[in-house]
Structure formats: structure tokens, C-alpha cells
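Enquirer: What follows is a protein structure lacking sequence information:
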């Protein structure tokens, strides 16, 4: 796999490139955002947010506007707002410095698996619990598993791959509580060993895109559940799954 590392600090980039090459990756190094944007499109982008010529968030926005290439942010910034904004702009994951090469490789492989569509032997997309059409309706929210598209009140919502996987996990049983570990094992990977804070960051990003934080309820000490805002005081009663297509 060819990886583009956009990182201005050679003290970070050098050991990182050496470590990734030991795992079989081909690494191209760009020291500025401009150089990263002008490089040939790779299979994966590792993007530092603190670049000398432009903010890494602007690089993320520009990359996502032209390509679906997976992006992992690597940052020393402690502000959760920056991480949430990066995910909203289309980044697939983030790592906070310092981190080990093995963890980064695990993240790269996990993001790659999620970005690769699952196609069974027959060639058809595997239908989700929504039924044969793969379309699920939860109140005003429509989820199409086959096309990985989401609409709210018939308006499209642009979700990063991880955000979509997270939404799918919560939508498996609307109203039911999903434990934090269950979500990590499903939307990330089994036996996920990274920081659980990444789940909170993605939850925050998904809430913002849904336009109402009450869509995702935090059950303290347990996990989260997906509830249409109008159904907060009672059981969720999603509209029947559409069998012949959705309001697309």
C-alpha cells in the first residue's frame, strides 16, 4: 500500500516512515500542505494538523473535496474541537501524538477494511437488517446500507466512513442501548485496543451532522442509543422499513 505522510517535523516523519516500511508500506513524505495536495493520489493519507504553510484541516477539506482517499489525522493538538472538525470534514480516524507504529498500522488496516465494500460471492451487496432493499427508516432519518447514503428529512447528510459505521451500529436496534465495547468491536474492529476517547469524538461529530444532539443518548457508564428526538420520552417506534426503495 502506498501511504502519503504529510508531516513537517522530520524528527517525527523519519522514524514513522522507517517503521511503516518495515510493515511493508511504501511511504511518500510531504513536508507542507501544498506538497501533499500536489502529490499523486495514494491509497492512504496520514495528515498532521500543524503544517507550516496551511492548516491541516484545510488540507483535509481539499483532499476530501476531490477524492474518497482514506485520511487519518495525526495531531498533537489537545483541543477536541479540532478533532471533531477534522472528522466532520471527512477524516476517517485520528491519532494523538505520541503513538506507536504498531497502533498506527492497526488503524491503517482497520480504516482500509472499512473503506472496502463487502461484496458476497453472488456479487450483490449484503442486505442489512433493514431487509432486501437495504434501506432503513427511523423517523425522519433514512439509511441506505447499499449506497452508504444517509438522509434526514429527505436532505442528504455527508458522513465520513467511520461515522456511517457508527450510525449503522446504533441503528441495528433503535432505542436499544449499545455498550461502548460493543460499538468499538463493531464499528472499529474486534478487540479494539486504542483509546476509547475516539468513540466520544466520533459521537460528537455524528451528533452535529444529525443537527440535534438528542438523536444519540448517552447512557452513563454503559454506552449510547439512537432515539429520534420526538420519541425521547417513550419507546422508539421507527416507521416500517421501505422494501422498494426510499425517498431518494
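Expert: All right, it came through fine. It should be emphasised that the depicted structure is a prediction, and the values quoted were computed from it without experimental measurement. Numbering: from 1, shown residues only.
Enquirer: Where does the residue minimising distance to the centre of the chain sit: helix, strand or coil?
Expert: Compute the mean C-alpha point of the chain, and by Cα atoms, centre = their mean the closest residue is residue 162, 2.1 Å away. Secondary structure, DSSP: H, G, I helix; E, B strand; the rest coil: residue 162 is helix.
Enquirer: What distance do you get for it to residue 110?
Expert: 9 Å (Cβ to Cβ, to the nearest Å). C-beta coordinates here come from the backbone N, C-alpha and C atoms, glycine included.
Enquirer: same deal with residue 142?
Expert: Taking Cβ to Cβ, one finds residue 142 at 27 Å from residue 110.
Enquirer: From the neighbour counts alone, determine which of the two ranks first.
Expert: residue 142 (23 against 19; other Cβ atoms under 10 Å).
Enquirer: So which residues of the protein form strands?
Expert: For the chain, the strands defined by DSSP state E occupy 2-6, 26-30, 44-48, 71-75, 93-96, 135-138, 141-144, 149-152, 155-157, 178-179, 216-219, 223-226.
Enquirer: who touches the fourth one?
Expert: So that's strand 71-75. Applying Cβ atoms under 8 Å, 6 or more residues apart in numbering, the contact partners of strand 71-75 are 7, 44-50, 56, 60, 63-64, 82-83, 86, 90-97, 99, 104, 107-108, 111.
Enquirer: Report all helices and strands that the worst-scoring helix or strand of the chain on mean pLDDT contacts.
Expert: Sorted by mean pLDDT, DSSP states H and E, the helices and strands of the chain end with helix 80-88, the least confident at a mean of 77. Contacts defined by 3 or more Cβ pairs under 8 Å, 6 or more residues apart in numbering; DSSP states H and E place helix 80-88 against helix 56-66, strand 71-75, strand 93-96, helix 197-210.
Enquirer: closest one to residue 187 among those?
Expert: Closest to residue 187 of these, according to Cβ to Cβ: helix 197-210, at 8.0 Å.
Enquirer: And the closest one, what does it pack against?
Expert: helix 80-88, strand 93-96, helix 161-171, strand 216-219.
Enquirer: Now do the domain split for the chain, please.
Expert: 2-115, 135-231 (automatic domain parsing).
Enquirer: quick revisit: counting neighbours, which bits of the least confident helix or strand of the chain end up buried?
Expert: 82-88 (16 or more other Cβ atoms under 10 Å).
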